[in-house]
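Q: Predicted model follows, preceded by the sequence.
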Amino acid sequence: MTPPHSNDGAQILTARQAGLVGCHSCGRVHPMGTARCGRCGAPLHSRMPGSLQKVWAWLFAGMVVYVPANIYPMLLTTSFGRTTENTIIGGVVELMHYGSYGVALIVFVASVLIPVGKFLAIGYLALVVDPRSRLGGRLRQGQDLHRRQHLFEVVEFIGRWSMIDVFVVAILSALVQLDFAATINPGIAAVSFSLSVAFTMLAALSFDPRLIWDAEQDKIS
Amino acid sequence: MSTDNTTPTSDQTPGQTPGQMRIDPPKRSFWRNLSLIWLVPILALVVSLGIAWQTYAARGVSIEISFLNASGVRPGETTIRYRDVVIGTVEEVRFTPDLARVLVTASVDREVADTLPADAQFWVVQPEVSARGITGLSTVLSGVYIETSFTPVADAEARVFTGMDSAPLIREGQKGTRITLRTRDANRISAGAPILFHGIEVGHIETPRLILSSDSVVFDAFIMAPHDRRLSTATRFWDTSGFTVSLGTGGLSLDVGNLAALVTGGIAFDTIFSGGAPLNPGYIFDLFPDETAARQSLFTGVGANAVEMVIEFDGSVNGLAVGSPVRFRGLRVGEVRAIGAVLVDRGSPRGVRLRTTIALDPQALGLPAEAGPEATVAFLREAVDQGLRAQLATSSLFTASLVIELAELPDATPATLEQREDGMIVLPSVKSELPDFTATAEGVLERINALPVEDLMNQAITLMASIEAVVSSDGTRQAPDAALALIEDIRALVGGEDTQALPGELRGGLAEVRGMVEELRLRGAIDKLVTVLESADTIAANTATASGEIPALVADIRGLIARASGVEIETLAAAATRLVESTDRLIGSDEMRALPPALASALAEVSQVLAALREGEAVENVNRTLASTRSAAESVAQAMQSLPELSQRLERLVAQADGLIAAYGARSDFNTEAMQVMREFRDTARAVTQLARAIERNPNSLLIGR
């Protein structure tokens, strides 16, 4: 098996292998086993304790609240006494029905594709980095660690854009309050969806990307 | 490092001895490692499940309502409301299998659905504009909704309901009393019309409907609490629809109800008398056409338990109409329901009889209110045995309308209340006293007929024609003015003191005339005059022979005489002409309009004068005087016959005198004397001539001095 190496193929010594631990806050390096950073006082961990556990917890929470976000109405539009309710998928269908394919695509991507993709991506990463997982072991076959890191970066970057839908609902609800003529109110789904996005972002945040590279160490050992 | 021992994590196992490496129970390790962060997904799950459960719980109970038509009802949008609060939403609209009705499936809040009774009312609320106002305006924008009304019950199981076509007038749960009203014709009453009590709306009418068993229109009405406490059997309802105009001795009366009642019709009620019994279920009120009828209905009460019977009459029933009252001792106890002719086969006389169906109110007859038809018939049978008979009577002296009177005639021919096989009850009738009055009237009419009206009319026409001819002539048209002026003159004349004094003077004058005439006659003045003239003639002849002619004098005398006579005639003619002209003007003047009053007063004065004349015996005197005058006139006429002779003699005398004078010379004493004599003669002759002519023209001038 090839030793861990960087893109240029050079051997890389990790901090852990060197018996050191870096501070998350200020970056100062301490010897392994130091409880707190001598400079800023932050607790020191070689790896985030319970990282995968937190990832799974946030991921589950995000997936749980994503269900009502899709079942319940996102928008409550009241116009001249008539109230129409739109779920996310319903809104997409309606937009397509009216011919706004572009907008429908944006909504669909932001509200469906991205969250679902994030769920899959985070779940995949969490599985892959867990050495005890058999499913993860099967998935691990022949994977490039760099691609995992890349995937993680994309997930972390794109998470905030999932809030587009929530922003649209929030802005519409704030602006369109014309009493009897037209009123738009957020439905339960809006809260659920924003919670779902927040939970998945927290899941991504809880993921310790160093775990990705630990796999390299495991292979060596 | 001391910390190595205290942190036995799996990551840091490599440098430890196996003895030190205690195998921690995985379970414990799992729990110890279990992060609190797992609370978050658990909490999210709980909340989501909570929301789901709440949604499921709030999903409501599915109920099914069938409508005849579901205009405007849309699945997912149309709401179901109870007291204007949304309790559910329509989920599906479909047809019944036979397409006869529309089935609306709706989910309703469970807590409401569990109290829905089977007879809950559902109706579609739509905008409606009616005389009583505009309702359902909010549905114009928001779309229709389904309103429900019910009296909640516990643990209701009903899930299938029948919707109403229109909003019920009385909501479930509204307190009040539902009553039934009956009328003969409901064309002024429409559904929803208000029921008024002293002008305050206290209830509604529901849709009128015909009942199959009779020809009456029956409708339910609802009187709201607490006003329903006023209802009793003494309550009378009447129609206040539209407006009433009545013209009577009190003047013109216009009675207009409230506006809604004007448009949709209305009903008012009042308790007419005290002591009404509480209402029994199924009690039916009669609707009276107006308040007067309702108030009088105390005496008719031709109401729920009226007994119909039949009276057959022989004579004419002209003047009897449906609705004519049936009276008993002057009280109205019923009314005529129908009049028709029937062929009577049995009994005698056979032929056509007039059958009148009447409805009698037992209560008005004094029977208890709950008396049934049997009791009424029994009562009437007894009454008929004692001489109760129906007869026609005039309702008043001046109208031809008839009423049926139930008279008690103990000595009438015995009869019974006949109950025929078909249930018809026949009340015996007696010949009414009606024809007497008619006969009298006929006699009067015959006598009037016998009057020579036509002759009278012909004469009147002739008279009219004559009058018309006279009146239409020009002279008559001008006459009034002239007559007026004439009358004014006459009045002035008559009213003048002279005229008033006339009778006395006249009497005196007449006496004088009479005396004069008498004297004339006694003395034979004319004869003497003639004699004198003859003597003078003789003298003159002698003188002529003695003295010759006196031509100038003669010429003078002739001219004088001629002139005198000529002037008199011309003057008279001119005067006559003036008189005629003035009369013409008189007639043509305008004051004649005022003729009648002037004439009247003038006539009054004339009559006074005449009375005075009569009193003064002037008429008799005048008569006598006229007689005398006539004789005098005859004498005068005789004298007048001799006047020409006298003239000739005078001429001759004058001629002789001329000759005489000529013989004696112009300036002698004799001549002068002769001239004087001649002049005297001449004057005398002229006076006589005037007198004669005047008398000739107007003999009356002897009397009236002109």
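A: Cool, got the structure. Numbers count the residues shown, from 1 in each chain, chains lettered A, B, ... in the order given.
Q: Just give the closest residue to residue 88, not the sequence neighbours.
A: No chain specified, so I'll use chain A. In space, and not counting its chain neighbours, A:Ile88 is closest to A:Ser111: 4.8 Å by C-beta to C-beta, 6 or more residues apart in numbering or on different chains. In short, each C-beta sits where N, CA and C put it, glycine included.
Q: Switch to chain B, please.
A: Spatial nearest neighbour of B:Gly88, chain neighbours left out: B:Val108 (3.5 Å); criterion: C-beta to C-beta, 6+ apart.
Q: How about the contacts made by the one you found?
A: Contact analysis of B:Val108 by C-beta atoms under 8 Å, 6 or more residues apart in numbering or on different chains lists B:Gly60, B:Val61, B:Ser62, B:Ile63, B:Ile80, B:Ile87, B:Gly88, B:Leu116.
Q: which of the residues you listed are buried?
A: Buried subset of the contacts of B:Val108 (neighbour count, 16 or more other C-beta atoms under 10 Å in any protein chain shown): B:Gly60, B:Val61, B:Ile63, B:Ile80, B:Ile87, B:Gly88, B:Leu116.
Q: Next one: the residue nearest to A:Ile88 from A:Ile164, what distance?
A: 8 Å (C-beta to C-beta, to the nearest Å).
Q: shouldn't B:Val310 be in contact with B:Pro428?
A: No: under the criterion of C-beta atoms under 8 Å, B:Val310 is not in contact with B:Pro428, lying 10.7 Å apart.
Q: Give me every residue in chain A lying close to chain B.
A: A:33, A:35, A:46-47, A:50, A:53-54, A:57-58, A:60-62, A:64-65, A:67-68, A:72, A:80-83, A:180, A:188, A:192, A:195, A:199, A:206 (C-beta under 8 Å from any C-beta of the partner chain).
Q: any idea which helix or strand comes after the lengthiest helix in chain A?
A: Counting residues, the longest helix in chain A under DSSP state H turns out to be helix A:51-71. Past helix A:51-71, further along toward the C-terminus, the next helix or strand under DSSP states H and E is strand A:75-79.
Q: And the next helix or strand past that next one?
A: Counting by DSSP H and E, what follows strand A:75-79 is strand A:82-86.
Q: Which neighbouring elements make contact with that next one?
A: strand A:75-79 (3 or more C-beta pairs under 8 Å, 6 or more residues apart in numbering or on different chains; DSSP states H and E).
Q: tell me the average confidence for the strand it packs on?
A: The average pLDDT within strand A:75-79 is 82.
Q: got the CA coordinates for it in CSV?
A: The C-alpha trace of strand A:75-79 is given here as CSV (Å, rounded to 0.1, in the frame of the first residue of the first chain):
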residue,chain,number,x,y,z
LEU,A,75,-46.9,29.6,1.9
LEU,A,76,-50.3,30.6,3.0
THR,A,77,-51.6,33.0,0.5
THR,A,78,-54.9,34.7,1.3
SER,A,79,-56.4,36.7,-1.4
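Q: Against which helices or strands is it packed?
A: strand A:82-86, strand A:182-186.
Q: what's it in contact with?
A: Residues contacting strand A:75-79 (C-beta under 8 Å, 6+ apart): A:83-86, A:91, A:169, A:172, A:181-187, A:190.
Q: from the residues you listed, which two are the most distant?
A: A:Ala181 and A:Ala190 (21.7 Å; C-beta to C-beta).
Q: Between the two, point out the one with more neighbours.
A: A direct count of neighbours by other C-beta atoms under 10 Å in any protein chain shown for A:Ala181 and A:Ala190 places A:Ala190 higher, at 23 against 12.
Q: Tell me where the stretch 351-500 of chain B has strands.
A: B:351-360, B:388-394, B:402-408, B:418-419, B:425-427 (DSSP state E, counting those that start in this stretch).
Q: Turn these into JSON lines, columns for distance to A:Ile106 and mean neighbour count.
A: Output for these, formatted as JSON lines (distance: least, C-beta to C-beta, whole Å; neighbours: other C-beta atoms under 10 Å in any protein chain shown):
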{"stretch": "strand B:351-360", "distance to A:Ile106": "86", "mean neighbour count": "18"}
{"stretch": "strand B:388-394", "distance to A:Ile106": "99", "mean neighbour count": "21"}
{"stretch": "strand B:402-408", "distance to A:Ile106": "95", "mean neighbour count": "20"}
{"stretch": "strand B:418-419", "distance to A:Ile106": "97", "mean neighbour count": "14"}
{"stretch": "strand B:425-427", "distance to A:Ile106": "94", "mean neighbour count": "20"}
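Q: which residues does residue 88 contact?
A: You didn't say which chain, so I picked chain A. Taking C-beta under 8 Å, 6+ apart as the contact definition, A:Ile88 lies against A:Ala69, A:Asn70, A:Met74, A:Val107, A:Ser111, A:Val112, A:Asp165, A:Ala189, A:Phe193.
Q: meant chain B actually
A: Counting by C-beta under 8 Å, 6+ apart, B:Gly88 has contacts B:Gly60, B:Ile63, B:Thr79, B:Ile80, B:Ala106, B:Ser107, B:Val108, B:Asp109, B:Val112, B:Ala113.
Q: do B:Arg353 as well
A: By C-beta under 8 Å, 6+ apart, the neighbours of B:Arg353 are B:Glu312, B:Phe313, B:Asp314, B:Ala341, B:Val342, B:Val344.
Q: Mind giving me the PyMOL select for those residues, buried ones only?
A: Buried members of those, defined by 16+ other C-beta under 10 Å, are picked up in PyMOL with:
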select buried, chain B and resi 312+313
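Q: Out of the contacts of B:Arg353, which sit inside strands?
A: Using DSSP state E, the members of these that fall within strands are B:Glu312, B:Phe313, B:Ala341, B:Val342, B:Val344.
Q: Looking at those, spot the one nearest B:Ala685.
A: Taking C-beta to C-beta as the measure, B:Ala685 lies nearest B:Phe313 of those, at 106.6 Å.
Q: Residue ranges of each domain in chain A, please.
A: A:1-46, A:50-220 (automatic domain parsing).
Q: Helices along chain A, start to end?
A: A:51-71, A:88-97, A:101-108, A:114-129, A:134-140, A:145-158, A:164-175, A:188-206, A:210-220.
Q: Compute the mean per-residue pLDDT across the fifth one, please.
A: Helix A:134-140 comes out with an average pLDDT of 67.
Q: same deal with the third one?
A: Confidence for helix A:101-108, expressed as mean pLDDT, is 88.
Q: quick one: contacts of it?
A: Helix A:101-108 is contacted by residues A:Ile88, A:Gly91, A:Val92, A:Leu95, A:Met96, A:Ile164, A:Asp165 when judged by C-beta under 8 Å, 6+ apart.
Q: Quick one: buried ones out of those residues?
A: Going by neighbour count (16+ other C-beta under 10 Å), the contacts of helix A:101-108 have A:Ile88, A:Gly91, A:Val92, A:Leu95, A:Ile164, A:Asp165 buried.
Q: closest to B:Asp270 among these?
A: Nearest member of those to B:Asp270, counting by C-beta to C-beta, is A:Gly91, at 65.6 Å.
Q: Look up how far chain B lies from that closest one.
A: From A:Gly91 over to chain B the distance is 16 Å, taken as C-beta to the nearest C-beta, to the nearest Å.
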